[in-house]
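J.: Predicted model and sequence below, questions to follow.
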Amino acid sequence: MSVLVVVECDKGEVKKSSLEVASYGAQVAQMLGTTATAVAVGEASEANLATLGEQGITKVLFDAEPRLKDFVNGAYTKLIAAATEQEQAKVIVLANSNIGAAVGSRLAIRLKASLATNVVELPKANGSSFTVKRGAFSGKAFADVVLSGERKIIAVKKNSIEALHNAGQTAQVQAFSASLSDADFADAPKQVVMQDQAGGILLPEADKVVSGGRGMKGPENWHLIEDLAKALGAATACSKPVSDVDWRPHHEHVGQTGITVSPNLYIACGISGAIQHLAGVNSSKVIVVINKDPEAPFFKAADYGIVGDVFDVLPKLTQAVKELG
């Protein structure tokens, strides 16, 4: 029962979530007594793909078709399906990302596979079946799901698995062609707009995020958020009320109806912590809340809290980060 891992790349680098997925796939392969092969999607570089050996990947399939740089659902689905058939993979592992959500369901139908999303732990094998634990109800509960299909697709939640780092290990990068045609790119967007944050950091993939709410009192004060983000090398984000009044663009809106983030560090500045906002950030490893209201609901979800005025705290915090850096 071989394992295929879908690795997402951007600007030549493997995304952090895909390093976690590669580690997950390698551990599943070890559990099954086989090896893990990866297939790359997005803008990849062979040199960077070779480093996936550190996560336990033995081989990486790389299709150099230039149109694969940008996400196209039909083309990505065909590419992964072709790799699955070539490797005779019975387990496909991918990130529970926007791409993973779009491709995973298509693959499940195409390959007649069982699918589990938002998975947070390694599977438990029971004969030919897998039992996986997945998050439900915006992270408030967990469900054990049995995958009994001959093929199994597992979409791994970000930050649920620690990425392995076996220094010095390299993966073999192998040329691969899925024989894609123009028809496979028929649903390609006519124009791709990359909505990078300051410093070119994509919010869904950011390792650190500094977010502001109505407590910032207006867009003219957003430089305090941006200054701290720049000092930390973080992306900037905002709450829904902030984007609703056009203080910040909607692609920075984090929450249940916006972007879901899973950074190692999430700093919430002047955000009360409505349940819809928490649903979009509760996968963060460390949450820091800055609010002058000691009764703000967000403090209940925080790992660290600062009760204080953001206009006093943020400049001091930014200066402290600069001095440490």
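T.: Noted; the coordinates are in hand. Computed from a predicted structure; not experimentally measured.

J.: Residue 240 contacts residue 279, correct?
T.: No - using C-beta atoms under 8 Å, residue 240 is not in contact with residue 279, being 11.1 Å away. C-betas here are computed from N, CA, C, even on glycine.

J.: Mind listing the shared neighbours of the two?
T.: Common contacts of residue 240 and residue 279 (C-beta atoms under 8 Å, 6 or more residues apart in numbering): residue 255.

J.: so what are the domain limits for the chain?
T.: Following automatic domain parsing, one gets these domains for the chain: 2-185, 198-324.

J.: Export these as JSON lines, with columns for mean neighbour count and mean pLDDT.
T.: Shown next, in JSON lines, are these (neighbours: other C-beta atoms under 10 Å; pLDDT from 0 to 100):
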{"stretch": "domain 2-185", "mean neighbour count": "19", "mean pLDDT": "95"}
{"stretch": "domain 198-324", "mean neighbour count": "19", "mean pLDDT": "94"}
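
J.: how far away is residue 249 from residue 279?
T.: For residue 249, the distance to residue 279 equals 21 Å [C-beta to C-beta, to the nearest Å].

J.: Ignore what I typed, I meant residue 14.
T.: Per C-beta to C-beta, residue 14 is found 28 Å from residue 279.

J.: And the nearest residue to residue 51 once chain neighbours are set aside, its phi and psi?
T.: Closest residue to residue 51 apart from its sequence neighbours, by C-beta to C-beta, 6 or more residues apart in numbering: residue 170 at 6.8 Å. Backbone torsions for residue 170, taken as degrees, to the nearest 10, come to phi -130, psi 150.

J.: Do I have it right that residue 170 meets residue 50?
T.: Yes - shown here, residue 170 and residue 50 form a contact pair, counting by C-beta under 8 Å, at 4.8 Å.

J.: All the strands of the stretch 1-150 of the chain, in order from the start?
T.: Counting by DSSP state E, counting those that start in this stretch, the stretch 1-150 of the chain has strands at residues 2-10, 13-14, 36-42, 59-62, 89-95, 114-119, 124-126, 129-136, 141-147.
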